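Enquirer: No sequence on hand, only this structure:
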């Protein structure tokens, strides 16, 4: 198999166990997953099935109890805390259900935050912010504050912040969960555009079959295990 056919995200035999008092809580059990570059993957499953745990492992926010997590050429599970933080800033864009915008900062400054960890000067950061806001359809909103924006517009700012560093993978945790159907559909259309037109690799956690239908592939997580079919 040549290098170009290797998956971008490779997860092999990953387990995750949490301590709850004297009990071991087994959240993920020998999990395998491969995600190709420029794929849009939806991850579904009941509450408590481990979807957000898996997303945090892929994004380098947590470590597996055992197993391999490789993104591109990087063994994420083997990085030190400092290496993980630097790797995450370069390679991962996060989109959250509740936007996580800082209310005291303008939309532009919210989008700029990840760039403060880079070597870009102020002018370079401004160019990247402008390009990211244009990509999400908000080219004139840099000076507006979150409270003046609708929920859908705030989520677009959140997506602009996620893509401003041109990350390797976008991780979306219920990105339409706090939006009405119309605004949610607009966000899903935007994610499809980022996937198809810009080649972004997207992994999206969702409870909504309407949202998962926009992805190119859906996998199901239940009782710590993945399947191509929902559990009965």
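Expert: Here it is on my side, so go on. Because the structure is predicted, anything quoted here is derived from the model rather than measured.

Enquirer: Remind me which helix or strand the spatially most central residue of the chain belongs to.
Expert: Nearest to the mean C-alpha position of the chain, counting by CA atoms, centre = their mean, stands residue 171 at 0.8 Å. Here residue 171 is covered by strand 169-173, with elements defined by DSSP states H and E.

Enquirer: Would you double-check that residue 215 falls in a helix?
Expert: No. Read with DSSP: H, G, I helix; E, B strand; the rest coil, residue 215 is coil and lies in no helix.

Enquirer: Next one: it from residue 192, what distance?
Expert: 9 Å (CB to CB, to the nearest Å). Glycine gets a C-beta too; all of them are placed from N, C-alpha and C.

Enquirer: can you list residues touching both of these two?
Expert: residue 40 (CB atoms under 8 Å, 6 or more residues apart in numbering).

Enquirer: which one of the two has more residues nearby?
Expert: residue 215 (22 against 16; other CB atoms under 10 Å).

Enquirer: Mind giving me the packing neighbours of the longest helix seen in the chain?
Expert: As assigned by DSSP state H, the longest helix anywhere in the chain is helix 181-198. Using 3 or more CB pairs under 8 Å, 6 or more residues apart in numbering; DSSP states H and E as the contact criterion, the elements in contact with helix 181-198 are strand 40-44, helix 151-163, strand 169-173, strand 201-205, helix 209-212.

Enquirer: List the buried residues for the longest one?
Expert: Looking back up the chat, that one is helix 151-163. 151-163 (16 or more other CB atoms under 10 Å).

Enquirer: From those, pick the one nearest residue 17.
Expert: residue 162 (29.4 Å; CB to CB).

Enquirer: Nearest spatial neighbour of that closest one, chain-adjacent residues omitted?
Expert: residue 93 (3.3 Å; CB to CB, 6 or more residues apart in numbering).

Enquirer: Wait, that neighbour touches residue 173, no?
Expert: No. Between residue 93 and residue 173 there is no contact under CB atoms under 8 Å: 11.8 Å.

Enquirer: Just give the number of residues close to residue 212.
Expert: Counted with other CB under 10 Å, residue 212 comes out at 20.

Enquirer: Tabulate the buried residues of helix 151-163 (a markdown table), appending pLDDT.
Expert: Compiled in a markdown table, those are given as follows (pLDDT from 0 to 100):
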| residue | pLDDT |
| --- | --- |
| 151 | 95 |
| 152 | 96 |
| 153 | 97 |
| 154 | 97 |
| 155 | 96 |
| 156 | 96 |
| 157 | 97 |
| 158 | 97 |
| 159 | 97 |
| 160 | 97 |
| 161 | 97 |
| 162 | 97 |
| 163 | 97 |
